[in-house]
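Peer 1: What shape does this take:
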Amino acid sequence: MPYCANCGNHQSLASSKIPPSSDTAAAPPYGLFGNFSPEGQLITMECQGASLDDAQEAFEDPKTYFDRCPICGSSEIYW
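Peer 2: Residues are numbered from 1 along each chain as shown. The predicted structure follows:
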């Protein structure tokens, strides 16, 4: 199960590889979020700047894409 070593978050991770859809003040800080089951399986994704191709690649290889904790911003993600 992936989790953040800094804050312990294990429910959702973000991708620093996908920029947000907008540079405005109200835009989300990441372009792709992944929501994980308690067993560590990627169950849903929120694409807020990712193309369908990027989202498909992230679904197929989540360890490569989901590298940030959206709660604390840490990049210390353990799989």
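Peer 1: What strand or helix carries the spatially closest residue to Phe66 that is not a sequence neighbour?
Peer 2: With Cβ to Cβ, 6 or more residues apart in numbering as the criterion, Phe66 has its nearest non-adjacent residue at 3.8 Å, and that residue is Leu13. The C-beta positions use only the backbone N, C-alpha and C, and glycine is treated the same way. Element membership for Leu13, per DSSP states H and E: strand 12-14.
Peer 1: For that strand, the averaged confidence score.
Peer 2: Rounded to a whole number, the mean pLDDT of strand 12-14 is 96.
Peer 1: for that strand, packing partners?
Peer 2: Judged by 3 or more Cβ pairs under 8 Å, 6 or more residues apart in numbering; DSSP states H and E, the packing partners of strand 12-14 are strand 32-36.
Peer 1: Show me how far the strand it packs on is from its chain's centre.
Peer 2: Between the mean C-alpha point of strand 32-36 and the mean C-alpha point of its chain there is a distance of 4 Å (Cα atoms, centre = their mean, to the nearest Å).
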